[in-house]
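Novice: Test case, fold it:
(one chain, ligands or ions: 2)
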Amino acid sequence: MSSFDAARLYFEQAAEHMGLSQNMRTLLLTPERELKVQVAIERDNGEIGTFIGYRIQHNSARGPMKGGLRFHHEVNADEVLTLASLMTWKTALVNIPYGGAKGGVSVNVRNLSPGELERLTRKFVDEIHDFIGPDKDIPAPDMGTDAQVMAWIMNQYSKYHGFNPACVTGKPLELHGADGRTEATGRGVGLCTAEVLRRKKMDIKGTTIAIQGFGNVGTFTAKFLHDQGAKIVGVTDVSGGVWNPEGLDVPELIRYAQEHRGIAGFEGTEPISNDDLLTSEVDVLIPAAVGGVLNVENAPHVRANIIIEAANNPTVPEADESFNEREILILPDILANAGGVIVSYFEWVQNRQHFRWDLERVRKELDRIMLESLNKVWKIAEEKGVSLRTASYIIGLGRVGRATVLGGM
Ligand SMILES: NC(=O)C1=CN([C@@H]2O[C@H](COP(=O)(O)OP(=O)(O)OC[C@H]3O[C@@H](n4cnc5c(N)ncnc54)[C@H](O)[C@@H]3O)[C@@H](O)[C@H]2O)C=CC1
Ligand SMILES: O=C(O)CCC(=O)C(=O)O
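Specialist: Numbers count the residues shown, from 1 in each chain. Ligands and ions are numbered 1, 2, ... in the order given. Prediction:
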């Protein structure tokens with residue numbers, strides 16, 4: 001089953017509850033535009049490197065399309081379409097004035113020098129600049145991209161269309177970025193985790209947590225939860241994993257990971273594999289890396305009572321079904337990781353108003369939107385007797401559907 005067909009099952013479960021017509025389902029599932037471009041660069045050794053880039057614009061019924069840009073060797077059209085559709089439901093669920101899009105280049109960034117990464121980014125913008133922009137489609141960071149990449153995008157876009165920082169979000173602070181964007185996704189994941197624990201009457205102090213992925217989202221999630229007194233007992237990344245039942249020293253681990261480009265070998269810990277981490281005995285499991293990691297094989301062995309989906313699309317539908325049957329609570333990606341796009345929205349607003357917010361204001365508004373969204377999802381799930389995922393989709397689809405009908409063809 002393709003990744004889009006799998007994600008479509010989540011859509012269909014909500015559409016069924018809502019009694020959406022077949023024609024409306026087809027309209028909402030069909031992407032508006034799919035770009036697939038050649039991204040050719042000169043490598044440092046003088047040879048040519050040819051890569052494939054994608055930007056898939058799924059839906060613009062509620063506003064300009066919005067979504068991150070992923071540089072990863074597993075990027076393909078099916079995955080980008082799936083992620084673009086998730087952005088449509090996510091922006092609608094948290095009620096920010098956007099549609100959904102996603103992009104990516106199929107490349108292993110670990111094999112690129114900084115110069116090659118810059119040339120690749122600029123070349124990608126050369127290919128897609130006519131289709132993006134502050135009122136069309138606004139890229140942002142995702143796996144393998146960061147504030148520096150966003151700065152190059154802004155600079156390259158401006159060469160064609162004039163200075164316009166709102167064409168991309170997640171930029172460096174020195175170049176029209178927003179205070180709090182880098183931490184935003186992890187902060188949102190942490191906030192949601194704390195709120196779920198509160199609702200489940202579990203004390204966050206001493207709650208054991210395992211996190212897969214220790215990049216932007218994983219580190220800020222770990223930091224937030226560690227600061228609240230939770231015990232982060234296991235973390236993995238592409239280099240390996242570390243485990244300490246007494247709780248990891250998260251600030252030290254962050255320093256170590258920056259210095260060693262990975263967490264493997266952090267002193268005072270035992271090694272743990274990615275597979276073992278997912279089935280480890282913890283209260284809360286937080287996938288914060290790639291998609292599809294919770295699958296038919298490992299789902300029956302997952303021992304956490306709560307799964308917070310920081311990554312996009314980490315759970316395949318069969319695993320989701322098995323978790324629901326076993327009453328394992330899953331907070332879905334389109335809610336749990338929405339903090340990033342929410343603060344991207346604040347950045348876009350600040351860029352358009354030429355007025356900077358301070359960190360306190362960003363955090364206050366982010367926390368308010370995250371908690372209001374979680375509250376609404378929880379209420380719908382209870383009222384309708386559905387999972388938190390289906391409740392999230394019901395809200396998202398409902399808003400996109402109504403905007404589509406009101407706007408007309
Ligand atoms: N950056 C953002 O603001 C947002 C990111 N997300 C999602 O969060 C997830 C992580 O994104 P970022 O932290 O931004 O990426 P990143 O590139 O900063 O970090 C990715 C992390 O995952 C690890 N990783 C990669 N492949 C892995 C594998 N096969 N097994 C285990 N670990 C692996 C890497 O070593 C790294 O620690 C992605 O699913 C992304 O779509 C969702 C919303 C916003
Ligand atoms: O910040 C953004 O605009 C998009 C973040 C993103 O790609 C995501 O939420 O998956």
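
Novice: Residue in the chain with the shortest distance to ligand 1?
Specialist: Proximity of the chain to ligand 1 (CB to the nearest ligand atom) peaks at Gly215, 1.7 Å away. Every C-beta, even on glycine, is put in place using the N, C-alpha and C of the backbone.

Novice: mind checking the longest helix of the protein?
Specialist: Counting residues, the longest helix found in the chain (DSSP state H) is helix 359-384.

Novice: Which other helices and strands does the next helix or strand after that one contact?
Specialist: As assigned by DSSP states H and E, the chain's next helix or strand after helix 359-384 is helix 388-407. Here helix 388-407 touches helix 3-18, helix 22-29, helix 77-93, strand 329-331, helix 333-336, helix 359-384, going by 3 or more CB pairs under 8 Å, 6 or more residues apart in numbering; DSSP states H and E.

Novice: Distance from the third one to the middle of the chain?
Specialist: What separates the centre of helix 77-93 from the centre of its chain is 10 Å, taken as CA atoms, centre = their mean, to the nearest Å.

Novice: With the last one instead?
Specialist: Centroid separation for helix 359-384 versus its chain: 17 Å, with CA atoms, centre = their mean.

Novice: do it and ligand 1 meet at all?
Specialist: No. Remark: helix 359-384 sits outside contact range of ligand 1, by CB under 6 Å from any ligand atom, the gap being at least 12.2 Å.

Novice: ditto for the third one
Specialist: No. Helix 77-93 lies out of reach of ligand 1 by CB under 6 Å from any ligand atom, never closer than 6.7 Å.

Novice: and the residue lying closest to Asn108 once chain neighbours are set aside, what is it in contact with?
Specialist: Leaving aside its sequence neighbours, Asn108 sits nearest to His73 (CB to CB, 6 or more residues apart in numbering; 4.2 Å). Going by CB atoms under 8 Å, 6 or more residues apart in numbering, His73 touches Ser106, Val107, Asn108.

Novice: Mind doing that once more with 10 Å?
Specialist: Phe51, Val105, Ser106, Val107, Asn108, Val109, Arg110, Asn111, Gly144 (CB atoms under 10 Å, 6 or more residues apart in numbering).

Novice: For PyMOL, write the selection for the buried entries among those.
Specialist: Command for PyMOL, covering only those of those found buried under the criterion 16 or more other CB atoms under 10 Å:
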select buried, resi 51+105+106+107+109+144
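
Novice: what does the model give the residue of the chain found nearest ligand 2 for pLDDT?
Specialist: Using CB to the nearest ligand atom, the single residue of the chain nearest to ligand 2 is Gly68, 2.5 Å away. Listed pLDDT for Gly68 reads 98.

Novice: Could you verify my assumption that Ala194 touches Ile306?
Specialist: No. Between Ala194 and Ile306 there is no contact, the gap being 11.4 Å when judged by CB atoms under 10 Å.

Novice: need the residues of the stretch 1-150 of the chain near ligand 2, please.
Specialist: Lys66, Gly67, Gly68, Lys90, Ala140, Asp142.

Novice: Out of those, name the ones that lie in helices.
Specialist: Per DSSP H, helices hold the following members of those: Lys90.

Novice: Test my guess that Val293 contacts Thr315.
Specialist: Yes. Val293 is in contact with Thr315 according to CB under 10 Å; the separation is 8.0 Å.

Novice: With neighbour numbers in mind, choose between those two.
Specialist: Between Val293 and Thr315, Thr315 has the larger neighbour count (other CB atoms under 10 Å), namely 27 against 20.

Novice: residue contacts, that one?
Specialist: Contacts for Thr315 (CB under 10 Å, 6+ apart) come out as 6, 10, 287, 291-295, 299, 302, 307, 309, 321-323, 330, 332-333, 389.

Novice: can you rerun that using 7 Å?
Specialist: The contact partners of Thr315, by CB atoms under 7 Å, 6 or more residues apart in numbering, come to Leu294, Glu309, Ile330.

Novice: before we move on, what about Thr208?
Specialist: By CB under 7 Å, 6+ apart, the contact set of Thr208 is Lys231, Val233, Val282, Asp283.

Novice: Which neighbours in the sheet does the helix or strand where the second one lies have, and how are they oriented?
Specialist: Taking DSSP H and E as the criterion, the element that holds Val233 is strand 231-237. Strand 231-237 has the following strand partners under DSSP bridges: strand 208-212 (parallel), strand 240-243 (antiparallel).

Novice: so can I have CSV of the contacts of His73 showing pLDDT, secondary structure and distance to Ala166?
Specialist: Putting these into CSV (pLDDT from 0 to 100; DSSP: H, G, I helix; E, B strand; the rest coil; distance: CB to CB, whole Å) gives the following:
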residue, pLDDT, secondary structure, distance to Ala166
Phe51, 98, strand, 27
Val105, 98, strand, 23
Ser106, 98, strand, 28
Val107, 98, coil, 27
Asn108, 96, coil, 31
Val109, 95, helix, 26
Arg110, 92, helix, 31
Asn111, 95, helix, 32
Gly144, 95, coil, 23
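
Novice: quick one, helices of the stretch 51-200 of the chain?
Specialist: Counting by DSSP state H, counting those that start in this stretch, the stretch 51-200 of the chain has helices at residues 77-93, 114-128, 147-161, 181-199.

Novice: among those helices, which is the most enclosed?
Specialist: Across those, the average number of neighbours (mean count of other CB atoms under 10 Å) peaks for helix 77-93, which reaches a mean of 26.

Novice: That helix vs helix 388-407, what angle?
Specialist: Going by axes from the mean of the first three to the mean of the last three CA atoms, to 10 degrees, helix 77-93 is angled at 80 degrees with respect to helix 388-407.

Novice: before we move on, the earlier item: want to throw the helices of the stretch 51-200 of the chain into a markdown table with mean pLDDT?
Specialist: Below are the helices of the stretch 51-200 of the chain laid out as a markdown table (pLDDT from 0 to 100):
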| stretch | mean pLDDT |
| --- | --- |
| helix 77-93 | 98 |
| helix 114-128 | 98 |
| helix 147-161 | 98 |
| helix 181-199 | 98 |
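
Novice: Put together CSV for those, with distance to Glu259 on each row.
Specialist: Below are those laid out as CSV (distance: least, CB to CB, whole Å):
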stretch, distance to Glu259
helix 77-93, 31
helix 114-128, 18
helix 147-161, 19
helix 181-199, 19
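
Novice: circling back to that earlier point, out of the contacts of His73, which are close to ligand 1?
Specialist: The subset of the contacts of His73 within reach of ligand 1, by CB under 6 Å from any ligand atom, is Gly144.
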